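Visitor: What follows is a protein structure lacking sequence information:
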């Protein structure tokens with residue numbers, strides 16, 4: 001059966017739908033005929049996404065919410081059920097990033113990153129799961145990222161949230177093992193060409209860019225659609241994601257040291273920029289596209305394999321440097 005037929009008229013909630021992967025996912029689910037509840041803090045951007053999805057024929061509810069607020073997420077779930085009668089798929093996608101030396105960033109920043117990236121996902125599951133249990137079916141999709149396996153030096157709060165999120169999801173899967181039609185699907189994409197890093201809290205004093213190769217966010221959006229139609233416990237998006245996971249599994253401390261070495265070398269050469277909280281505490285009004293302009297939008301080609309190999313070689317070189 002085609003994916004579009006399996007998702008036609010399904011009620012799908014997407015958090016972080018105002019830009020990046022969330023915005024790309026909204027249009028991909030709309031193309032499948034799903035009924036959408038789009039959530040984020042930036043209501044004006046959500047209205048733009050909703051209009052795009054309506055032009056594709058989708059019914060859309062816009063709901064402004066901060067996922068770190070548990071009451072707001074409960075209200076989001078209730079609104080989706082009131083408007084569409086049920087929730088079939090809940091996509092946990094909203095997230096923030098803050099970069100800089102751990103001790104030079106305010107603890108309030110670290111705490112808010114964890115509230116959004118970890119507690120925000122937990123809030124989503126906590127709000128959706130009672131409905132799923134009542135209807136005895138439902139799909140939770142967690143966009144975790146390779147950061148759930150690979151530590152990010154100078155992004156320690158982000159790493160803490162992603163490692164904890166992976167643990168939470170694994171525990172949840174064990175808890176729901178007796179509910180055969182309730183699925184938890186975790187996605188682990190590699191580095192993406194989204195505006196997320198432009199929105200990041202930045203205490204490095206340097207311009208930040210994602211490490212190459214960067215992948216098209218629509219690859220993650222399509223993976224979300226795929227696991228919504230055919231649930232899968234774990235999905236790695238991009239060959240680099242698996243390479244980095246295996247590198248850390250085999251050489252955990254060396255990989256962390258190498259990543260730190262590469263980060264320091266990049267920061268020593270990057271252009272200077274003013275320090276900022278970015279979108280950690282409040283929404284921003286720029287960079288609301290699915291893309292961040294760091295890569296070549298479009299479907300991946302064979303060149304990605306060579307870029308992945310180059311990235312792995314670069315990491316191996318970093319590990320060698322870290323050992324010296």
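Guide: Thanks, I have the structure now. Remember, predicted model here, so these are calculated numbers, not experimental data. Numbering: from 1, shown residues only.

Visitor: Does residue 86 lie in a helix or a strand, and which?
Guide: For residue 86, there is no host helix or strand (DSSP states H and E).

Visitor: What strand or helix carries residue 293?
Guide: Using DSSP H and E, residue 293 is not contained in any helix or strand.

Visitor: Please look at it and residue 197 and confirm they touch.
Guide: No - assessed by CB atoms under 8 Å, residue 293 is found out of contact with residue 197, at 10.6 Å. For every residue, glycine as well, the C-beta is placed using N, CA and C.

Visitor: Which of these two has more residues huddled nearby?
Guide: residue 197 (22 against 12; other CB atoms under 10 Å).

Visitor: Just the pLDDT for the more buried one.
Guide: Residue 197 carries a pLDDT value of 95.

Visitor: Can you tell me the SS state at the nearest residue to it once chain neighbours are set aside?
Guide: Nearest residue to residue 197, sequence neighbours excluded (CB to CB, 6 or more residues apart in numbering): residue 208, at 5.1 Å. Using DSSP: H, G, I helix; E, B strand; the rest coil, the structure places residue 208 in coil.

Visitor: residues in contact with residue 208?
Guide: 99, 197, 200, 202, 270 (CB atoms under 8 Å, 6 or more residues apart in numbering).

Visitor: Quickly find the element holding residue 29.
Guide: helix 20-31.

Visitor: And whichever helix or strand comes after that helix, how far out from the chain middle?
Guide: Downstream of helix 20-31, the first helix or strand assigned by DSSP H and E is strand 35-40. Distance of strand 35-40 from its chain centroid, counting by CA atoms, centre = their mean, to the nearest Å, is 16 Å.

Visitor: again, but for stretch 134-154
Guide: 8 Å.

Visitor: Just the buried residues of that stretch, please?
Guide: Counting neighbours by 16 or more other CB atoms under 10 Å, one finds that the buried residues in stretch 134-154 are 138-154.

Visitor: Can you classify the residue nearest to residue 127 when sequence neighbours are not counted by secondary structure?
Guide: Of all residues not flanking residue 127 in the chain, residue 77 sits nearest, at 3.9 Å (CB to CB, 6+ apart). At residue 77 the chain is in helix, as set by three-state DSSP.

Visitor: isn't residue 277 right next to residue 110, touching?
Guide: No - with contacts counted by CB under 8 Å, residue 277 stays clear of residue 110, the gap being 11.9 Å.

Visitor: Need the overlap of contacts for those two.
Guide: By CB under 8 Å, 6+ apart, the residues touching both residue 277 and residue 110 are residue 98.

Visitor: Counting neighbours, what do you get for the nearest residue to residue 204 once chain neighbours are set aside?
Guide: Closest residue to residue 204 apart from its sequence neighbours, by CB to CB, 6+ apart: residue 100 at 5.0 Å. When neighbours are defined as other CB under 10 Å, residue 100 has 23 of them.

Visitor: again, but for residue 265
Guide: 12.

Visitor: which SS class is it?
Guide: helix.

Visitor: Look up how far residue 256 lies from it.
Guide: According to CB to CB, to the nearest Å, residue 265 and residue 256 sit 15 Å apart.

Visitor: thinking again about what came up before, would you mind measuring from the residue nearest to residue 127 to residue 26?
Guide: Here residue 77 is placed at a distance of 18 Å from residue 26 (CB to CB).

Visitor: Among the two, which residue is more densely surrounded?
Guide: The neighbour comparison of residue 77 against residue 26 (other CB under 10 Å) goes to residue 26, with 29 against 24.

Visitor: Could you tell me the model confidence score at that one?
Guide: For residue 26, the predicted pLDDT is 98.

Visitor: Surely it and residue 14 touch.
Guide: Yes - Residue 26 sits in contact with residue 14 when judged by CB under 8 Å, with a separation of 5.7 Å.

Visitor: Mutual contacts of the two, please.
Guide: Common contacts of residue 26 and residue 14 (CB under 8 Å, 6+ apart): 36, 38.

Visitor: quick one: low-confidence ranges for the stretch 151-300 of the chain?
Guide: 296-300 (pLDDT under 70).

Visitor: Tell me where it has helices.
Guide: Applying DSSP state H, counting those that start in this stretch to the stretch 151-300 of the chain gives helices spanning 156-175, 196-199, 217-229, 239-250, 252-269.

Visitor: between those helices, which one is nearest to residue 5?
Guide: Checking the helices of the stretch 151-300 of the chain against residue 5 by CB to CB gives helix 217-229 as the closest, at 8.8 Å.

Visitor: got a list of contacts for the closest one?
Guide: 3, 6-7, 10, 12, 20-21, 24-25, 27-29, 32, 89, 91, 139, 141, 143, 185, 187, 189, 192-194, 232, 235, 237-238, 290-291, 297, 299-300.
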